[in-house]
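Engineer: Below is the sequence, then the predicted model.
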Amino acid sequence: MDSGSGSVITMWLMDVAIAVAIVFIGRMVVKSLVNLVAKLMRRAEVDTILVNFISSIVNAALLLFVFIAALNQVGVDTTSLIALLGAAGLAVGLALQGSLQNFAAGVMLIVFRPFKLGDFIEAGGVVGVVEEISIFSTVMKTGDNREIIVPNGQIYSGAITNYSARDTRRIDMVFGIGYDDDMLEAKQIMETIVAEHELVLDDPAPAVAVAELADSSVNFNVRPWVNSADYWGVRAELIEKIKLTFDEKGISIPYPQMDVHTDK
């Protein structure tokens, strides 16, 4: 082996050693940077799911940069490699367009937090309690204990109704009485029943008022306020109590009827 060949091998070995050093030191630097980014995000009270996901993305991107630098050190043409990775990324992006939409929507849901775990919401055509929020989908439990996984893109692209966002809710009910019934007595009964219910709030004050003179009934709007957690229970109890009291007092609740006339 001549001195020229030995020199080439020596330089190549030195390049390999430098490449190994780049990988070794680069991985430590990347780990430190990723930990720093995660620490800053946690300090800014960013959601844990988003912290972990962004940390993974940053870690993968920086490690890719380190390995490209190491390959470049040993003489590999990284220009072609970068172009190939770019083309592959574009192809994957087009193939996973729906998934990317769900991912983007998941990030928006986690950042802006229109709802949180345990909230009762209506979104993406589903009504239920939020059990899990991930990057690509949201898991909801319905009232009959079904688990439904809804893509985040479907949720974020439509209206989101969060029934748990406020501490209090108004119960909107409509009761109709017959035209021959005593309207003032019926109103007094409903006002008394609502006021005496222990879970109905005094502020805002409940309202009972005539809503309309319909075709076959005089309709009243009954609108008490309750704590959000008490909504369904109070609503059911008020409807039951008003109906039973109307029956007891002889106040009718009209229902649609059809008169059939026949020729003799």
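Structural biologist: Cool, got the structure.
Engineer: average pLDDT for the longest helix along the chain?
Structural biologist: Ordering each helix of the chain by length in residues (DSSP state H) puts helix 3-43 first. Per-residue pLDDT values over helix 3-43 give a mean of 79.
Engineer: can you check stretch 240-260 too?
Structural biologist: 84.
Engineer: Ok, stretch 160-177 next?
Structural biologist: 93.
Engineer: Next, the buried residues of that stretch.
Structural biologist: By neighbour count with 16 or more other CB atoms under 10 Å, stretch 160-177 contains the buried residues 164, 169, 171, 173, 175-177. In short, each C-beta sits where N, CA and C put it, glycine included.
Engineer: Using CSV, please lay out these together with distance to residue 111.
Structural biologist: Output for the buried residues of stretch 160-177, formatted as CSV (distance: CB to CB, whole Å):
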residue, distance to residue 111
164, 19
169, 27
171, 33
173, 38
175, 44
176, 47
177, 51
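Engineer: Go through these and name the one nearest residue 153.
Structural biologist: residue 164 (22.7 Å; CB to CB).
Engineer: so the closest one touches residue 119, yeah?
Structural biologist: Yes. Applying CB atoms under 8 Å, one finds residue 164 in contact with residue 119, separated by 4.1 Å.
Engineer: any idea how far residue 54 lies from residue 145?
Structural biologist: Look at residue 54 and residue 145: by CB to CB, to the nearest Å, they are 34 Å apart.
Engineer: Could you do residue 133 as well?
Structural biologist: From residue 133 to residue 145 the distance is 20 Å (CB to CB).
Engineer: neighbour-wise, which of these two wins?
Structural biologist: residue 133 (21 against 7; other CB atoms under 10 Å).
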